[in-house]
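Q: Sequence and predicted structure, then a few things I'm wondering about:
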Amino acid sequence: MKKMNLRLKAYDLLTATLVCLINTLIVSHALAAEVEPIVADYRSANDLVELHYPVETNLSYKERHETAGFMFSVGYENVILDRYVSIVDFTTFYQDMFGEAEFPVYGLNLSYKYNFSLGALTADFGLGYGSISDDGSGTVRSLELKKYSISGSYIMDMLFSEPYFAPYVTAGIMRLGLEEKAGEEKVTGNIDMLYFYQAGFLFQLNWLDPTVSRKNIIDYGLENTYLDIFVSKYEPSLDVNDPDTSTDYSIGAGIRMEF
């Protein structure tokens, strides 16, 4: 009887090992496909990264401006209230109290600005103050005015790649507070509503120092600084019983900044 050789040849052993490894890999892959891995997100709000894109200061204003912005202005206008009659005695006219002197009014204005392809529309809120005093009538007289206004404007600042020159028109309503003194007498009054109009030109000043202008855009968001030259006109009060503070066209000037 022949004896059976139970020893495997070398290549038979290698083959069996490879088959075993392949079967193991197949089974492991199948099990991994059936079980969905659980991934825990340990990030917190402090781990999030906020990206800040640099302002393209080399682009023209027409290319880089945002859809919306703000404007702030300080200004000065000389008005002549030549139709005004004293609210102290109701007989003395402005010229008899103050001669031909113009009435100076200083103003602050804040605007929300909406930009579009043909220019910009703004919604404006303004404050103003003016006063004058004279003794030419034989009595020391003074008149003080406080102005509160709401208006809307159209600015044509898309005529060029930069708004070197931007015409604009404004229309609005305002409320006036008056305080008049004649000697020891003092009378106060209000004009609740009157219309006013304004038209002018904005002259861009960025070109005076381009380096500083570009730095202001990056540091403060100051897009433009303008010289503002304008004319304005006050209409009579909507209440016929109010003092007449209407004017002819008056000239004014100021500085306007756009953010």
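A: Looks like it arrived, so ask away.

Q: CA atoms for contacts and neighbours, from now on please.
A: Will do.

Q: for the stretch 101-250 of the chain, what spans make up the helices?
A: Applying DSSP state H, counting those that start in this stretch to the stretch 101-250 of the chain gives helices spanning 210-220.

Q: Can you list the low-confidence ranges for the chain?
A: For the chain, residues meeting the criterion pLDDT under 70 lie at 1-57.

Q: How about the contacts made by Thr247?
A: Thr247 makes contacts with Val79, Ile80, Leu81, Asp82, Arg83, Lys233, Tyr234, Glu235, as judged by CA atoms under 8 Å, 6 or more residues apart in numbering.

Q: So the fourth one lies in a helix, does it not?
A: Meaning Asp82. No. Counting by DSSP: H, G, I helix; E, B strand; the rest coil, Asp82 falls outside a helix, being coil.

Q: Give the burial count for the closest residue to it other than its chain neighbours, as a bare number.
A: Nearest non-adjacent residue to Asp82, counting by CA to CA, 6 or more residues apart in numbering: Tyr94, 5.7 Å away. Neighbour count for Tyr94, taken as other CA atoms under 10 Å: 18.

Q: Hmm, Tyr84 and Tyr94 touching each other?
A: Yes. Using CA atoms under 8 Å, Tyr94 is in contact with Tyr84, at 5.5 Å.

Q: The nearest residue to Ser131 once chain neighbours are set aside bridge partners, please.
A: Excluding its sequence neighbours, the residue lying closest to Ser131 (CA to CA, 6+ apart) is Glu144, at 4.3 Å. On the basis of DSSP bridges, Glu144 takes part in beta bridges with Ser131, Glu179.

Q: Tell me who's in contact with Glu144.
A: Contact analysis of Glu144 by CA under 8 Å, 6+ apart lists Tyr129, Gly130, Ser131, Ile132, Leu178, Glu179, Glu180.

Q: The same query, at a cut-off of 7 Å, please.
A: Taking CA atoms under 7 Å, 6 or more residues apart in numbering as the criterion, Glu144 is in contact with Gly130, Ser131, Ile132, Leu178, Glu179, Glu180.
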